[in-house]
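> Next input, structure requested:
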Amino acid sequence: MESYVSMYRTMCLIRHYEDRMAEIYTEGKSPLFSIAAGPVPGEMHLAAGQEPVAVGVIAHLRPDDAVTAPHRPHHFAIAKGVDLRRMTAEIFGRSTGLSHGKGGHMHLFDPSVHFSCSGIVGAGFPPAVGAALAFQRQGRGGVAVAFAGEGAANQGTFHESLNLAALWKAPVIFVIEDNHYAISVPKAQSTAIADNSDRARSYGIPGVSLAGNDVLAISEAAAEAIARAREGNGPTLLEIETTRFYGHFQGDAEAYLGADEKAQWRQNDPIIRFRDYLLAHHLLSAEDDAAIQAEVTTVVEDAITYARQSPEPLPADSLTDVFAEV
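Numbering: from 1, shown residues only. All right, here's what the predicted structure looks like:
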């Protein structure tokens, strides 16, 4: 199936991008670490290992559907089709970025593909419900998806948004990306129940829990939820187990992890498992795979070169795009 190969390519693109950003972020930050130093200032939250969540869900969305994402947003942005050059320039703080270099990597906005994200935990739930309500009233079958981590499922915005979405039968999908840790706090120490998907019952909507970080299982569940929303049958809550291969942020000492925890995650790499599946089912050849790896490398390096060569904002630009004139 061509769609499976396309999903694999997007997962590879995300992984290569995140790995390269991990390398670039360290530039200029040693021997004395300064968060403001180097070509990429500010914090950096990477999503390598979590590709199946973004790809499995967003593969079923239309360009005019809306996505809201959390502070770890790159995989969602890439899967949604955000312009990679302008996104990278934004992360580098350059004037050619999505927000002219003023937002940084946690505040990526691309209205052309209906994508937004926020550094505030749980902030994406209410805007997604608002977008879904607008789609519902327009009557064109649009769907909104709100992605967030398992820590955000304990925020008030989560429960308020589920309640209104269920009440209005809004076409919105809530996706909880469970990577086991809210920063450094294990889920069992922060959440009273094992599965956030069980919380859907409180609002009379379907709740689905998916283990294994399997892009095909995620895709199947997302297809059903999105179709249900488009048909006017209201929201669904998906909780998806996944793993992050980097720390909560770049520079995270990860002292909270077990001795072999990350090694076990790496051994169960979802991209390698998906590649092996495609090869075994003759949907992908070794030559196809090599071509995909070369292609995504070229795309990522082009975006990085574009960002590096883009100008920094002028000092006078600090007064623009901030306050509206009255």
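
> buried stuff in stretch 179-197?
Asn179, His180, Tyr181, Ala182, Lys187, Thr191, Asp195, Asn196, Ser197 (16 or more other CB atoms under 10 Å). Using the backbone N, CA and C atoms, a C-beta is placed for each residue, glycine as well.

> oh sorry, the question was meant for stretch 80-95
Neighbour-count burial for stretch 80-95, with 16+ other CB under 10 Å as criterion, is recorded at 80-94.

> Please narrow the buried residues of stretch 179-197 to those residing in strands.
Among the buried residues of stretch 179-197, the residues falling in strands (DSSP state E) are Tyr181, Ala182.

> biggest separation within the buried residues of stretch 179-197, which pair?
Among the buried residues of stretch 179-197, the pair separated by the greatest distance (CB to CB) is Tyr181 and Ser197, at 18.4 Å.

> circling back: quick check, nearest of the buried residues of stretch 179-197 to Met44?
Taking CB to CB as the measure, Met44 lies nearest Asn179 of these, at 16.0 Å.

> Quick check: nearest residue in space to the closest one, chain neighbours excluded?
The shortest distance from Asn179 to any non-neighbouring residue, by CB to CB, 6 or more residues apart in numbering, is to Arg244 (4.7 Å).

> you'd agree that neighbour is in a helix?
No: counting by DSSP: H, G, I helix; E, B strand; the rest coil, Arg244 falls outside a helix, being coil.

> and it, what does it touch?
Leu46, Ala47, Ala48, Gly49, Gln50, Arg72, Asn179 (CB atoms under 8 Å, 6 or more residues apart in numbering).

> and the fifth one, what pLDDT?
The reference is to Gln50. What the model reports as pLDDT for Gln50 is 98.

> do you know how far it is from Phe147?
Computed as CB to CB, to the nearest Å, the Gln50 to Phe147 distance reads 10 Å.

> okay, and the common contacts of these two?
With CB under 8 Å, 6+ apart as the test, Gln50 and Phe147 both reach Glu177.

> just the buried residues of stretch 179-197 now: which is nearest Ile24?
Using CB to CB, these come closest to Ile24 at Asn179, 22.6 Å.

> check contacts around Ala194.
Contacts here follow CB under 8 Å, 6+ apart; on that basis Ala194 touches Ala188.

> Number the chain from 52, please
Renumbered: residue one is now 52, and that last one reads Ala245.

> ok, it to Ile75 distance?
Note on Ala245: its distance to Ile75, by CB to CB, is 38 Å.

> At which residues are the helices of this structure located?
Residue ranges of the helices in the chain, as given by DSSP state H, are 53-76, 102-109, 125-131, 135-142, 176-189, 207-219, 266-281, 312-318, 321-331, 337-360.

> least reliable of these going by mean pLDDT?
If the helices of the chain are sorted by mean pLDDT, helix 312-318 sits at the bottom with a mean of 87.

> Can you give me the buried ones in it?
Neighbour counts over helix 312-318 (16+ other CB under 10 Å) mark Lys313, Trp316 as buried.

> elements contacting it?
Helices and strands touching helix 312-318, as assessed by 3 or more CB pairs under 8 Å, 6 or more residues apart in numbering; DSSP states H and E, are absent.

> What's the per-residue pLDDT of Asp116 here?
Looking at Asp116, the pLDDT reads 98.

> Tell me who's in contact with it.
Shown in contact with Asp116 (CB under 8 Å, 6+ apart): His165, Gly193, Val194, Ala195, Val196.

> Lovely, talk soon.
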